[in-house]
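# Could you work out the structure for the sequence below:
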Amino acid sequence: MSETSKFTEDILTAAKERAERVVSEAGTETQHAFEEAKSHMSREADDIIHNAQTEAEAVRRREMSEVRHRLKLQEQVEKGKVLSEALESTRKRITEIANDEGKYFPYLAGYIEIGIRELGLENVTVHLNAADLTRIDVGKLEREIAKRIQKQVRIEWSKEPIEAMGGAVISSKDGKTRIVNTFDERFEALESKLLMEAGKLLFGE
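Sure, this is the predicted structure:
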C-alpha cells in the first residue's frame with residue numbers, strides 16, 4: 001500500500017469513527033431529550049389531573065352546601081307549618097272550652113284560685129270578660145274557690161269587663177298588684193315556649 005493510500009484510509013477511518021461518535025452522541029441527546037419531554041408531559045398530565053380533581057371536589061362541596069341550605073330552608077318551612085297548625089289547634093281548643101260553661105267553670109275557678117294564692121291577700125278584686133259577667137254564677141264560683149283555698153278571702157267582682165277569651169285578672173283592692181291569669185296570657189306563654197322549642201330544633205339554640 002502506498003503512502004497516499006494509507007493516508008487516505010486513515011482519514012476515512014478517523015472520519016468514520018467521528019461520524020459514529022456524532023451519531024451516538026446525537027442518539028444519546030435525543031434519548032435524553034425524549035425522556036425529559038416525557039417527564040415534562042407526565043408532570044403536566046399530573047397537574048391537569050390534580051387540578052381537575054381539585055375543581056371537581058370544589059364543585060361537589062358547593063353542590064352539597066347548596067343542597068344542605070335548601071334542605072334547611074325546607075325544614076324551617078315545614079317546622080313553621082307544624083308550629084302554626086299546633087297553635088291554631090290550641091286556639092280552637094281554648095275557644096271550645098271557653099264556650100262550654102261546664103268545661104270552662106273548673107278552669108276559671110282554678111285560675112282565680114292561683115291568682116289569689118299568688119297575691120296572698122284577704123281582700124281581692126276579680127276581673128272577668130263581658131261574657132262571663134253575664135253567664136257565670138259568681139256565688140257558685142265563690143263557694144268553689146273557698147273550697148279550694150280553704151281560708152276566708154273576700155272577693156269583689158269588678159263591673160268593668162276585661163278583653164280576654166276567658167280566665168281572670170286578680171288584683172289588690174287598689175289595683176297596684178295584678179295577677180293576669182287569662183286564656184290569652186296562657187296562650188301567649190305557650191306560643192313563646194313553642195317558638196323556643198322550634199328554635200332549638202332548627203338552630204340548636
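# Next, residue 171: secondary structure please.
For residue 171, the assignment made with DSSP: H, G, I helix; E, B strand; the rest coil gives strand.
# Residue 168 should be in a strand, yeah?
Yes: judged by three-state DSSP, residue 168 forms part of a strand.
# any idea how far residue 115 is from it?
Noted for residue 168: a distance of 7 Å to residue 115, by Cβ to Cβ, to the nearest Å. In short, each C-beta sits where N, CA and C put it, glycine included.
# okay, and the common contacts of these two?
Each of 126, 181 lies in contact with both residue 168 and residue 115 under the rule Cβ atoms under 8 Å, 6 or more residues apart in numbering.
# ok, those two, which is more surrounded?
Between residue 168 and residue 115, counted using other Cβ atoms under 10 Å, the more crowded position is residue 168 (27 against 21).
# now the helices for this structure?
Remark: helices assigned in the chain by DSSP state H are 3-99, 101-119, 130-135, 138-149, 183-203.
# and the last one, what's its mean pLDDT?
Over the span of helix 183-203, the pLDDT mean works out to 75.
# in it, what's buried?
Buried residues in helix 183-203, counted by 16 or more other Cβ atoms under 10 Å: 183, 184, 186, 187, 194, 198.
# Would you map out the domains in the chain?
1-99, 101-195 (automatic domain parsing).
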